[in-house]
Structures are given as C-alpha cells and as structure tokens.
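K.L.:
heads up, no residue letters with this:
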C-alpha cells in the first residue's frame, strides 16, 4: 500500500512539473518570427511604406492618426511616452512635422531616428513661392535646407527611396530578420513601380489643366506626373491668406479668360470651412477634397497605394469637364 502511494505521489509530482514546464516554457521560448524592435512612424503614408517592409516581422505604430494637420500637430502625453521607449522613429523631418521637432529632439536619441528627407536617395524640391506657381516653379533637385518642401512621399520615386532606406536601417538594427526586410522591400518597390505606370496613364488627360489647392502640398506630385497646380489659397498651411495674396487670388478667379484660371478648387480634410466653400461658390468653381494623408484610409501596407490612387481619381473627377 505504501509503495502504491509513493508511486502515485511520484506520478502527480511528475505531471505537475510537466504542466508547470509547459506553462513557463510558452512564456520564455521566443517566437522566431517576432522582432523585439519597436518602430514608430509619424504619418500614415510613410507608416504604410514601413509596414510593407516589416510585414510578417513586426507592426509599426502610427504616431499621428488624426484629422489634424501634421504641420501643426502637437504631441500628447501618450505620444511622448510612446516615443521615449522607441527603438526606431521614422519621420520626414522638421521640414514637415514641424511642431513635434522639439519633443523628438528631447525624447529620442539621434541614433534611434531615421529622418527621411536627409536620405541620400530622395529627389528634393524647394517650396514654391509667390501667389501663383508657373513663373517660379522649379523641377530640379534641391539641397537640404529650411526651404525644402516636405511632402516627399507624393513622388513614387521618393517612395521607392524611402522603402529602400527603411529596409536597410531595419536590417542593421534587427539582423535576425534582415533578409525578410530586404525581400519585403523588393516586393513593395515592384508594386510602387507598377503604381507609377498606372497613375501616369490615368493622369494624362488632366496634365495641363490648371487647378487651385488649399496650400501647396502637390509640388512633388505635379513635378512627377505633369499635373498643373497654379497656386494655393494660403501660402502657410497654419495661417490664413494675406490680404494682398487674397486680392490677387480673387482677381484670377474672376478672370475666366485667363489660361491660369483654375478649373477646380481642392481643399484638404482639415481645411473645409465656410470661407473656402464661399470662395468656390462666389466664382462658380467646382471644389473637392484632396486627401494626401489618407484621413479615412485604414493604416497598413495598402494605405499608401490607396492614398495615391485617391489623389489621382479626385483630380480627374474635378478637372475633366463633362
């Protein structure tokens, strides 16, 4: 009887040890597909490109997922906490996400920041100046500086450069998954090349048709695809137009015989207000929403492609006369 009890206790102890091992083992054995690296990305179009590179390895976190303009967005305490523990922060740079620069400088060490506009494979353009663009527009690459236009992702060639830069940076920091990052990047780049061909064909009918935008976000898009923004309602995205600029703008809108008179006025989701709608109504100009940040797009690898297609289709709908 005693031998039976000892055997029974031994079996129970063995079973208990096995169960405990299995429970603890599940927590301690790492997932070979997972990465310990935490990646935060500033805006949705860039986040989408990064998500394509990290697909199957990790999910990057989107920092600015709101209807606010990235030009003027101020970080919340939750955002600051997120950045303070980040492994890699990817952003365009202070030329675009201007209002978060000081916080990023304080919270994120330089060696954990990937500033995309300083990547060597970016074709940069200066901010267009003046009330109307054609006379002073430049299609040439621009040296890094305060006057650099920050909407770099709106040229698919720059998007290819972004994907390449992100993949190389991640491969250095997370060597165990380097091959997967680089393989993913090749696939995303092929998709970007196909998107470029698709949009070039779509936009041919509207390439020379003048349009007006709320603020000049479309320099890279215009330069690459041959579309023609003739100016903007406001020169600074976070400031109303100056009186002098507004007078010149109204004079242009009133002159229907002027070849620069826009066929459509495009606003941004955060800029649709009574003043802008009244301006379009007063001069009988169609208006539409041009969303280059993907306000309603679900974050993820497909968002960039849908944002770019959305821009193209919006331009076509606004500029093709029935």
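P.N.:
All right, it came through fine. What you see is a predicted model; the values in this text were computed from it and never measured.

K.L.:
report the contact partners of residue 267.
P.N.:
213, 214, 276, 287, 288, 289, 290 (Cβ atoms under 8 Å, 6 or more residues apart in numbering). In this view, the C-beta of every residue, glycine as well, is placed from N, C-alpha and C.

K.L.:
same thing but at 10 Å, please
P.N.:
Counting by Cβ atoms under 10 Å, 6 or more residues apart in numbering, residue 267 touches 212-215, 233, 273, 276-277, 279-280, 287-291.

K.L.:
strands of the stretch 51-200 of the chain, start to end?
P.N.:
Listed in chain order, the strands found in the stretch 51-200 of the chain under DSSP state E, counting those that start in this stretch are 61-62, 88-91, 113-115.

K.L.:
how far does stretch 75-86 sit from its chain's centre?
P.N.:
Stretch 75-86 has its C-alpha centroid displaced from the chain centroid by 19 Å (Cα atoms, centre = their mean, to the nearest Å).

K.L.:
pull the residues that contact stretch 167-184.
P.N.:
Outside stretch 167-184, the residues that touch it by Cβ under 10 Å, 6+ apart are 30, 32-37, 39, 49-58, 60, 87-88, 90, 111-112, 114, 119, 163-164, 166, 185-186, 188-189, 301.

K.L.:
between the two ends of that stretch, how far is it?
P.N.:
Using Cα to Cα, to the nearest Å, the end-to-end distance of stretch 167-184 comes to 8 Å.

K.L.:
what residues of that stretch count as buried?
P.N.:
Residues of stretch 167-184 classed as buried under the neighbour-count rule (16 or more other Cβ atoms under 10 Å) are 167, 168, 169, 170, 171, 173, 174, 177, 180, 181, 184.

K.L.:
next one: stretch 224-243
P.N.:
For stretch 224-243, a neighbour-count test (16+ other Cβ under 10 Å) marks 224-225, 227-235, 237, 241 as buried.

K.L.:
closest to residue 269 out of those residues?
P.N.:
residue 237 (12.5 Å; Cβ to Cβ).

K.L.:
returning to that earlier point: burial-wise, tell me which of the strands of the stretch 51-200 of the chain comes out on top.
P.N.:
Of all those, strand 88-91 has the most neighbours on average by mean count of other Cβ atoms under 10 Å, namely a mean of 24.

K.L.:
Provide the strand pairings for that one, with the direction of each partner.
P.N.:
Taking DSSP bridges as the criterion, strand 88-91 pairs within the sheet with strand 39-41 (parallel), strand 113-115 (parallel).

K.L.:
ok, back up a step: need the strands of the stretch 51-200 of the chain in TSV with distance to residue 75 and mean pLDDT, can you?
P.N.:
Formatted as TSV, the strands of the stretch 51-200 of the chain follow (distance: least, Cβ to Cβ, whole Å; pLDDT from 0 to 100):
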stretch	distance to residue 75	mean pLDDT
strand 61-62	13	96
strand 88-91	12	97
strand 113-115	15	97
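
K.L.:
quick one: closest of the ones you listed to residue 202.
P.N.:
strand 61-62 (27.6 Å).

K.L.:
residues contacting that closest one, please?
P.N.:
Contacts of strand 61-62 (Cβ under 10 Å, 6+ apart): 38-44, 46-48, 50-51, 82-83, 86, 89, 299-300, 303.
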